[in-house]
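# Take this sequence and fold it.
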Amino acid sequence: RLPRVVAAGPDAFRELAARMCRVRPPPLSRAALLGALHRMDHEAHGMKIKRVNDAIKECLDRRQDFTPDVLAQAIEGLCGRGVPGEPAPPRQLMRTVIISLRAHPELKRFALKTVLPRLARARVWETSSDLWEGMVLCIKQLAEHRDMPALLSELLRLLPAARLAALIKAVSRVEEPLARLLRGLSDAEMDAALAPVPVAAPVLAAGTGAAAEGGAAAPAEE
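Prediction:
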């Protein structure tokens, strides 16, 4: 039923979302609803991706219902655990992350500690340019956050050299923190950081969609 309502347009989905948020117990949790929208195969249901994006945006706009805890639960489920063999995260994921950060700055640490490392471990650049570009945009917006060095330390281990160079080129503010991290490594740690990353078997991206969009995230915390 959900695909039919989404295909019917924003007004129909708005009515469904309002009803689901009122009913107790709801037929589907709010986090599960957001997850289902991201995993929806719009082409199989004969609709444009804009219909799905509009439905996701409607959920994100309902801030009293889709609280930071609900968003974190949904996003974490969509990220997976970042291990080989899992379905790839949906291409709209980083669009949702960026919009969520703009509305709820308290989710920034969650993005740095959970979302971005898991996407890096999942090697999303191999399955979706949208996810990789969304990662870069998110890192750019959060470059001054106090937890950024911890993420960069992990990215040193996870990103291939070409991707790390592309990240530095796109986000010049991470170059100096990365340089400081490299200078502080022992020889053994340097060898480990520069060792080739094992390549997991490629997994098809789940769903289809447009590149991460929806405006810049909120200014990074000092």
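# Only C-alpha atoms from now on, for both contacts and neighbour counts.
OK.
# Can you give me the pLDDT of residue 86?
pLDDT recorded at residue 86 is 84.
# need the helices for the chain, in chain order.
2-8, 10-22, 30-39, 49-61, 68-79, 93-103, 108-110, 116-121, 129-141, 148-158, 161-170, 175-183, 187-194 (DSSP state H).
# ranking these by mean pLDDT, which is last?
Among the helices of the chain, helix 187-194 scores lowest, with a mean of 57.
# ok, back up a step: export the helices of the chain to TSV and tack on distance to residue 87?
Output for those, formatted as TSV (distance: least, CA to CA, whole Å):
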stretch	distance to residue 87
helix 2-8	21
helix 10-22	27
helix 30-39	10
helix 49-61	20
helix 68-79	9
helix 93-103	13
helix 108-110	21
helix 116-121	12
helix 129-141	14
helix 148-158	19
helix 161-170	22
helix 175-183	31
helix 187-194	27
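# Please list all residues in contact with the nearest residue to residue 77 once chain neighbours are set aside.
The spatially closest residue to residue 77, leaving aside those adjacent along the chain, is residue 35, at 7.5 Å (CA to CA, 6 or more residues apart in numbering). By CA atoms under 8 Å, 6 or more residues apart in numbering, the residues touching residue 35 are 74-75, 77-78.
# how close does residue 35 sit to residue 67?
Here residue 35 is placed at a distance of 14 Å from residue 67 (CA to CA, to the nearest Å).
# do the same with residue 159
Taken as CA to CA, the span from residue 159 to residue 67 is 32 Å.
# Among the two, which residue is more densely surrounded?
Counted by other CA atoms under 10 Å, residue 159 and residue 67 do not tie: residue 159 has more neighbours, with 21 against 18.
# Quick check, that one in contact with residue 120.
Yes: if you go by CA atoms under 8 Å, residue 159 and residue 120 touch, sitting 7.0 Å apart.
# Ranking by neighbours, what's the top pick from the contacts of residue 35?
Neighbour max across the contacts of residue 35 (other CA under 10 Å) = residue 75, 25 neighbours.
# quick revisit: would you mind measuring from the residue nearest to residue 77 to residue 20?
Residue 35 is 15 Å from residue 20, by CA to CA.
# Kindly report the same for residue 12.
For residue 12 relative to residue 20 (CA to CA), the value is 12 Å.
# between the two, which one's more packed in?
residue 20 (17 against 14).
# If you drop the residues flanking it in sequence, what lies closest to the more buried one?
residue 26 (5.6 Å).
# Ramachandran angles for that neighbour?
Phi and psi for residue 26, reported as degrees, to the nearest 10, are phi -70, psi 150.
# Just give me the neighbour total for it.
For residue 26, using other CA under 10 Å, the count is 11.
# Now that we're looking at it, what pLDDT does it have?
Reported pLDDT for residue 26: 84.
# can you tell me which residues contact the most centrally placed residue in the chain?
Centre of the chain computed as the mean C-alpha position; nearest residue by CA atoms, centre = their mean is residue 94, 3.4 Å away. By CA under 8 Å, 6+ apart, the contact list for residue 94 reads 130-131, 134-135, 138, 212.
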